[in-house]
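**Q** Have a look at this prediction, sequence included:
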Amino acid sequence: MALLKIAEPGGKPVQPQHRLAVGIDLGTTNSLVAASCGMTVETLPDSEGRHLLPSVVRYLERQAPIVGEAAKAAAIEDPRNTIVSVKRLLGKNLEDARKSLHYLPYEFYQTDPSGSPTMLTAAGPKDPVQVSADILTALARRAEATLKGKLEGVVITVPAYFNDSQRQQTKEAARLAGLRVLRLLNEPTAAAVAYGLDSEDQAAVIVFDLGGGTFDVSLLSLQQGVFQVLATGGDTNLGGDDFDRLIADWIRGQLPPPQREDTTIQGELLVIANAAKHALSLKDSVNIAFGSWSGTLTNAEFADLCNIQINATITTCRRVLRDAGLKPEQIDNIVLVGGSTRMPVIRRAVAEFFGKAPLTTIDPDKVVAIGAGIQADVLIGNKSADDYLLLDVNPLSLGIETMGELVEKIIPRNTTIPVSRAQEFTTFKDGQTAMSLHVVQGERELVSDCRSLARFELRGIPPMVAGAAKIRVTFQVDADGLLSVSASELSTGKTAEIQVKPSYGLNAGAIEEMLRASQEHAQDDMEARAIREARLEATQLIDAIESARQVDGDLLEAGEIESIQAAITALQKAMASGSSHQIHKLTEELNRVSGEFAARRMDLHIGKALRGASIDGVE
Amino acid sequence: MAISITETAAKHVAEQLANRGKGIGIRVGVTTTGCSGMAYVLEFVDKLDVGDQVFEDQGVKIVVDPKSLLYIDGTEMDFVKQGVNEGFEFKNPNAKAECGCGESFSI
């Protein structure tokens, strides 16, 4: 039924209160928070007018953690207690963390490579979840101070390629910060939402994200309000810093020889280079002076300097398109994200490759947070969900293993989430009291060709004849794609349940691969399923005849035993090597030769049951 | 004759009453609208009317006018979440048919 809200006496509807919800862009280098301010969603500045909060946390003894600019300033003098780029450590174990960061100045609490990369700081051990929680807390405080109220929910953005444990830890960090996560939103999707692209019926969108230290390209497909990530690509070590270094190297090359080799001036050169880079986003050439040297750098020269890097970004775009089987002209919109996309050299290269101008009206540093803020405002209920609900889909079918190692799909792929679907199953053997449930993901017909997600058991099913028990299996996928599966036996209510590592362990490439395989093998899969089903049917018939023979063997007539045995042997041979068609034919044959026997048994048992009962009693 | 309320629903009613800052309970009733005859009414109560019946369950006062009580006697009020939507729901043993939207019912 429709859900009711409590109204004021006399039937006046309660004035809907504006509930506070914000979007948070929890970035590697910088983080932002955005909220709805009247008609528009804007990022919120701190008391000094700064919108970006450096994602840096410094821990000192017996002090609250210092987050942001002040912590960033201390990163060089106190690297051990100052945690930077913690996002790169989220959801990773120590070994992976060491691989993903070039340089980890931290002292780790434990040395087990499969353990969590917990850092030893002056304020005690801190794991990546804790550090992320401190950044989130700082942003939440800023929002509560600006909006003057308590936050009721947040939407946090994560990279499209984040796997399940990275997403799970992001959620844990929010919980630790006392925040209610309305949903995690993919960063490229948030950027597209900020431009209102989700209101279009159908579109292919490229999100080009070149930040301070990472580069990501995502290809989104939008269909009737549902975004799907088709392909992603990128480079985790390409960003604005690289362009600063290129300019610094160029300046160094122009300096007189003794200075050219001086390593102590690198820091100063980088600062000048960074200023020059920013100037080139506003005008076509910039005058640079260092010591006694001075010169001019034009955008054309700058483009030559970073030719390799620019080409690398375009090559990534090309690869992403190829993965999804699209051509540049099939892209409807290009969204630019990240401060480095302000550089005219990048914009020009992107526009040239796709043959159309990218969207640039929203500040590329803020666009992800703004999209998250819009989404948060909708999810908390300030806008009608009918107008504006961003849906995701599950990328691959989710199902369960049934007898014969076959997959029964419960939630087909591309179903919009959140979703809940249930199906009834039954027992296979007489007196079966437990059922093993194997949750799988994929498009193929056989379990061995799909991805195994989890196994669990339902015990305590009351003993019944095969097929009599009713077991309801419910699959539920929440808005973040997390799957929970429950199985319950309907007569006793016995229930078993599991939370499953869901769709996210896969990247877009792996999903594509699984889909392609299912199409290529469609024919084989159909035959494989047919054979297994035929074998199952045959096994059930043979089992039934065997048990009947033990109970009522005396009812068999001479010659009948031999013909039934012959039919069973032929069927068993076909089951081992024959086609599904042969198995079917021989199963029918066995049915036919044993038909008389079955009829006699039936008569005998009905006769037994009725003996001594009056006609009235039978009715 | 009674109306009951689940623990979850009671918690939400108490919360909403506290937020509102006044009110002695909630009024549950029926009115004749919707596509299958009757629709539920759910309101805050500031004062009782003549003939009102007051039931107390889970620490919440539920007020029902005598006419409505005929239609909703035995009803349990619950609070449910459906996706992003949340609100109160009535389990009415008297309802024989509900319209598709669940907005109204008939007995």
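**A** Nice, I can see it.

**Q** From here on, just use CA atoms for contacts and neighbour counts.
**A** Noted.

**Q** Tell me how many other residues crowd residue 54.
**A** Going with chain A. Residue neighbour count, defined by other CA atoms under 10 Å in any protein chain shown, stands at 22 for A:Pro54.

**Q** please go with chain B instead
**A** With other CA under 10 Å as criterion, B:Val54 counts 18.

**Q** can you give me phi and psi for it?
**A** With angles defined as degrees, to the nearest 10, B:Val54 sits at phi -120, psi 120.

**Q** Give me the pLDDT value at residue 7.
**A** You didn't say which chain, so I picked chain A. Per-residue confidence (pLDDT) for A:Ala7: 77.

**Q** if you could check chain B rather than the one you did, that'd help
**A** Reading off the model, B:Glu7 has pLDDT 91.

**Q** wait, what's in contact with it?
**A** B:Glu7 makes contact with B:Gln58, according to CA atoms under 8 Å, 6 or more residues apart in numbering or on different chains.

**Q** for the strand or helix carrying A:Ser420, which positions count as buried?
**A** Here A:Ser420 is covered by strand A:419-425, with elements defined by DSSP states H and E. For strand A:419-425, a neighbour-count test (16 or more other CA atoms under 10 Å in any protein chain shown) marks A:419-420, A:425 as buried.

**Q** Could you say which helix or strand holds A:Ala468?
**A** Per DSSP H and E, there is no helix or strand for A:Ala468.

**Q** residues contacting it?
**A** Taking CA under 8 Å, 6+ apart, one finds A:426-427 in contact with A:Ala468.

**Q** Quick one, grab the pLDDT at the residue positioned nearest the centre of chain B.
**A** With distances taken as CA atoms, centre = their mean, the residue of chain B nearest its centroid is B:Val28 (3.7 Å). Note for B:Val28: predicted pLDDT of 88.

**Q** So what's the residue count around the closest residue in space to it that isn't next to it in sequence?
**A** Spatial nearest neighbour of B:Val28, excluding adjacent residues (CA to CA, 6 or more residues apart in numbering or on different chains): B:Leu42 at 5.0 Å. By the measure other CA under 10 Å, the count of residues near B:Leu42 is 20.

**Q** any idea how far chain B is from A:Val84?
**A** 35 Å (CA to the nearest CA, to the nearest Å).

**Q** is it true that that residue touches A:Gly68?
**A** No. Using CA atoms under 8 Å, A:Val84 is not in contact with A:Gly68; the gap is 10.0 Å.

**Q** Surely B:Asp57 is in contact with B:Ile5?
**A** Yes. The pair B:Asp57 / B:Ile5 is scored as a contact, 6.2 Å apart, by CA under 8 Å.

**Q** So between those two, which is more surrounded?
**A** The residue with more neighbours, out of B:Asp57 and B:Ile5, is B:Ile5; 24 against 15, by other CA under 10 Å.

**Q** so the more buried one bridges to which residues?
**A** Listed by DSSP bridges, the beta-bridge partners for B:Ile5 are B:Met77.

**Q** How about the contacts made by it?
**A** Counting by CA under 8 Å, 6+ apart, B:Ile5 has contacts B:57-58, B:76-78.

**Q** who wins for neighbours among the residues you listed?
**A** B:Met77 (21 neighbours).

**Q** isn't that residue right up against B:Thr6?
**A** Yes. Counting by CA under 8 Å, B:Met77 touches B:Thr6, with 6.2 Å between them.

**Q** Overlap of the contact sets of these two?
**A** Joint contacts of B:Met77 and B:Thr6 (CA under 8 Å, 6+ apart) do not exist.

**Q** pLDDT score for A:Leu182?
**A** For A:Leu182, the predicted pLDDT is 87.

**Q** can you tell me how far it sits from A:Glu42?
**A** 19 Å (CA to CA, to the nearest Å).

**Q** just B:Val64 next, same as before
**A** 46 Å.

**Q** on that earlier part again, how far is the one helix or strand the residue nearest to B:Val28 maps to from where the chain is centred?
**A** Using DSSP H and E, the element containing B:Leu42 is strand B:38-45. Taking the mean of its C-alpha atoms, strand B:38-45 sits 6 Å from the chain's own mean (CA atoms, centre = their mean, to the nearest Å).

**Q** Now do the contacts for B:Ala14.
**A** B:Val60.

**Q** Phi first, then psi, for it.
**A** The phi/psi pair for B:Ala14 (degrees, to the nearest 10) is phi -60, psi -40.

**Q** unless I'm mixing things up, the residue nearest to B:Val28 is touching B:Gly25, no?
**A** No. Look at B:Leu42 against B:Gly25 with CA under 8 Å: they stay out of range, at 10.6 Å.

**Q** overlap in contacts of A:Val84 and A:Gly68?
**A** Common neighbours of A:Val84 and A:Gly68 (CA under 8 Å, 6+ apart) are A:55-57.

**Q** What residues sit buried inside stretch A:246-263?
**A** Result for stretch A:246-263 [16+ other CA under 10 Å]: buried residues A:246-252, A:255.

**Q** What of stretch A:318-331?
**A** For stretch A:318-331, by 16+ other CA under 10 Å, it's A:318-321, A:323-324, A:331.

**Q** and of those, the nearest to chain B?
**A** Closest to chain B out of those is A:Ala324 (31.2 Å), distances taken as CA to the nearest CA.

**Q** check contacts around the closest one.
**A** Contacts for A:Ala324 (CA under 8 Å, 6+ apart) come out as A:230-231.

**Q** Quick check: it vs A:Asn299, distance?
**A** A:Ala324 is 33 Å from A:Asn299, by CA to CA.

**Q** swap in A:Pro364?
**A** In terms of CA to CA, A:Pro364 sits 20 Å off from A:Asn299.

**Q** Pick out whichever of these two has more residues nearby.
**A** Neighbours around A:Pro364 and A:Asn299, counted as other CA under 10 Å, are more numerous at A:Pro364. The numbers are 22 against 19.

**Q** Which residue ranges of chain B form strands?
**A** B:4-5, B:25-31, B:38-45, B:53-57, B:60-64, B:76-82, B:85-91, B:97-98, B:104-106 (DSSP state E).

**Q** In the stretch 251-400 of chain A, what residue comes closest to chain B?
**A** A:Leu379 (6.7 Å).

**Q** And that residue, its phi and psi?
**A** Dihedral angles (degrees, to the nearest 10) for A:Leu379: phi -70, psi -30.
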